[in-house]
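K.L.:
I'll drop the sequence and a predicted model, then ask my questions.
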Amino acid sequence: MTATAPSDVRPGPHGTEQDDSAALAGFGYRQELHRSMGRYASFAAGFSFISVLTTVFQFFAFGFSFGGAAFFWTWPAVLVGQLLVAACFAELAARYPLSGAIYQWSTRLSTPGFGWFAGWIMVIGQVVVVAAAALALQVVLPAIWSGFQLVGGDPAPTTPTGAANAAVLAVVLLALTTGVNLLDNRVMSAVNRIGVTAEIIGAALIVVLLLTHSERGAGVTLHTGGQGGAIGALLVGSFTAAYVLIGFDSAGELSEETHAPRRTAPRTILLALASAGALGGLLLLGGILAAPSLTDGRLATEGLSYVLTSSLGDGVGKALLADVVVAIAVATLAIQTAGSRMLFSMARDGVLPFSSRLAKVSPRTGMPAAPSLAVGIAAAALGLLNLASPEAFLAIGTTCIAMLYLAYAMVTGPMLVRRLRGDWDRSAAEPDETGRPLFSLGRWGLPINIVALAYGLFMTVNLAWPRASVYDPSGGHWYFQWFTVLFLIVSVGLGAVWRWRNTRRVHAATPAQRSPVVKC
């Protein structure tokens, strides 16, 4: 591919848009997505994917029901593990500032085939995350106003009526976010920035109010409670933190739309995760300390929504819950955007079904419309699984986490191999847009990489382990107990079949008929 200079060359923070386009051309791609994102927009991309308000409110009750108050300690443990992964990703974002980050990084660190499977698993995981984020509306909206329970009956997501209503609300939200994703990327970025600002302010206010309304001391977090033995309960309780602290790579995912991405993305990846981790940990602690009761069962079923309305009163509590609704909407938008960029990046290399259509970018909006539609429609279809059974809510949530953790490991694994071969640090002296050396972990890179990979593999197994008490508590639904494992097998199997058929088609074609392959 050859690079084409954009018609509108604007100065970025450390250079020009033309400089960024020229750097992209060095990887064999021309600038098609519009570069309009600065540092805060890049930070907002990662922070809104993580979205502490969305995910903590969505999974707080689940974590507490298994781990009791002690599940709080799983948060810093998961945060440290994810910070190690993020540090590895920060190095990669500096060296490979490309859309479809996980796919691009894994491909360049290993082989095109291995990288393809990393991208395939990641994009399917992102679609599932979009569905799970949209379903989170059910945790908040009926608590604000009973009229949002459109289906009628019990609004709890674990009940048939609550699960069905969650599916309805999710489809409505996905229709809205898909519409925004079809507009100019400056509109999408502006919505994202405004939403993230509101979320940060709201989360900080909730933390202050909860901590000033504490009913007990922090020592209560040393008591496990919950279901099962202490270790098993905490392993399951860690699902909350594992679900929240993902998506920080989105800052790298939007590198082709960011000014000076080699310098900006590494820092915003780490900043987004660190700030979300600090806020989320304080939210968990504040909720445990301010809950009217830890033993009446409501904290394990209604979660933080119950704490806000009970401890702060209906007026203040519902106003803060409205801010959570904004966070959920922005998170769904951000995750859908990240998924669409992954689809676009893979399609641009001609390695997906319908690649020619998925790789098209509107010159007017700078947005890939077909990938946004594909992610939105697929996520809505997954959300409708909630109509089948309440267990689908948890199955969808944990499946997406396991798939993202596996995709992350398919980056840190090849990266570790490169380090052990001694050929990774050769690029450390390369300059960024300012002429400074690229972000590098230096001599800490190898130990950080080893622990990051080990942690990622451990958490993937922990999340996918088919525990009946977690995935099929009511019994009789073996497919929900094994949903994550089966989903992974089917996803990889379908990908393998398509790769095999496509490889045969390419080899059978004449050289002139074969699609061009981007050399990595």
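P.N.:
Nice, I can see it.
K.L.:
rest of the way, CA atoms for contacts and neighbours
P.N.:
OK.
K.L.:
low-scoring stretches of the stretch 351-500 of the chain, by residue?
P.N.:
Applying pLDDT under 70 to the stretch 351-500 of the chain flags residues 393, 425-435.
K.L.:
G277 reaches L245, doesn't it?
P.N.:
Yes - with contact defined as C-alpha atoms under 8 Å, G277 reaches L245; the gap is 7.0 Å.
K.L.:
neighbour count for these two, which is higher?
P.N.:
Per other C-alpha atoms under 10 Å, whichever of G277 and L245 has more neighbours is L245, with 28 against 25.
K.L.:
let me see the contact set for A359.
P.N.:
L343, F344, S345, A347, R348, P368, A370 (C-alpha atoms under 8 Å, 6 or more residues apart in numbering).
K.L.:
right, I mislabeled it, should have said L176
P.N.:
For L176, the contact set (C-alpha under 8 Å, 6+ apart) is empty.
K.L.:
now name the helix or strand holding it.
P.N.:
L176 belongs to helix 160-181 when assigned by DSSP states H and E.
K.L.:
mind jotting down where the helices sit in the stretch 351-500 of the chain?
P.N.:
Secondary structure of the stretch 351-500 of the chain (DSSP state H, counting those that start in this stretch): helices at 355-358, 369-383, 391-421, 445-464, 468-471, 478-481, 483-508.
K.L.:
re earlier: got the angle between the helix holding L176 and helix 391-421?
P.N.:
Relative orientation of helix 160-181 versus helix 391-421 (axes from the mean of the first three to the mean of the last three C-alpha atoms, to 10 degrees): 50 degrees.
K.L.:
what about F72, how many neighbours?
P.N.:
27.
K.L.:
revised request: answer the last question for L457.
P.N.:
A count of neighbours around L457, defined by other C-alpha under 10 Å, yields 18.
K.L.:
if we can go back for a sec, the helix holding L176 versus helix 369-383: what angle between them?
P.N.:
Counting by the same axes, to 10 degrees, helix 160-181 lies at 180 degrees to helix 369-383.
K.L.:
let's see helix 160-181 as PDB, backbone CA atoms only.
P.N.:
Provided in PDB are the C-alpha atoms of helix 160-181 (Å, rounded to 0.1, in the frame of the first residue of the first chain):
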ATOM      1  CA  PRO A 160     -36.600 -14.100  34.400                       C
ATOM      2  CA  THR A 161     -38.400 -10.700  34.200                       C
ATOM      3  CA  GLY A 162     -35.200  -8.800  35.100                       C
ATOM      4  CA  ALA A 163     -33.200 -10.700  32.500                       C
ATOM      5  CA  ALA A 164     -35.800 -10.100  29.800                       C
ATOM      6  CA  ASN A 165     -36.000  -6.400  30.600                       C
ATOM      7  CA  ALA A 166     -32.200  -6.200  30.500                       C
ATOM      8  CA  ALA A 167     -32.300  -7.500  26.900                       C
ATOM      9  CA  VAL A 168     -34.900  -4.900  25.900                       C
ATOM     10  CA  LEU A 169     -32.900  -2.000  27.400                       C
ATOM     11  CA  ALA A 170     -29.700  -3.300  25.900                       C
ATOM     12  CA  VAL A 171     -31.100  -3.400  22.300                       C
ATOM     13  CA  VAL A 172     -32.300   0.200  22.700                       C
ATOM     14  CA  LEU A 173     -28.900   1.400  23.900                       C
ATOM     15  CA  LEU A 174     -27.000  -0.500  21.200                       C
ATOM     16  CA  ALA A 175     -29.200   1.200  18.500                       C
ATOM     17  CA  LEU A 176     -28.200   4.600  19.900                       C
ATOM     18  CA  THR A 177     -24.500   3.800  20.200                       C
ATOM     19  CA  THR A 178     -24.400   2.400  16.700                       C
ATOM     20  CA  GLY A 179     -25.900   5.600  15.400                       C
ATOM     21  CA  VAL A 180     -23.200   7.700  17.100                       C
ATOM     22  CA  ASN A 181     -20.500   5.300  15.700                       C
END
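K.L.:
pull out the buried positions in that helix.
P.N.:
Applying a neighbour-count criterion of 16 or more other C-alpha atoms under 10 Å, one finds 160-171, 173-174, 177-181 buried in helix 160-181.
K.L.:
could you do stretch 477-495 as well?
P.N.:
For stretch 477-495, by 16+ other C-alpha under 10 Å, it's F480, Q481, W482, F483, T484, V485, F487, L488, S491, V492, G495.
K.L.:
closest one of those residues to G68?
P.N.:
The nearest member of these to G68, counting by C-alpha to C-alpha, is Q481 at 22.4 Å.
K.L.:
where's that closest one relative to V127, distance?
P.N.:
According to C-alpha to C-alpha, to the nearest Å, Q481 stands 21 Å off from V127.
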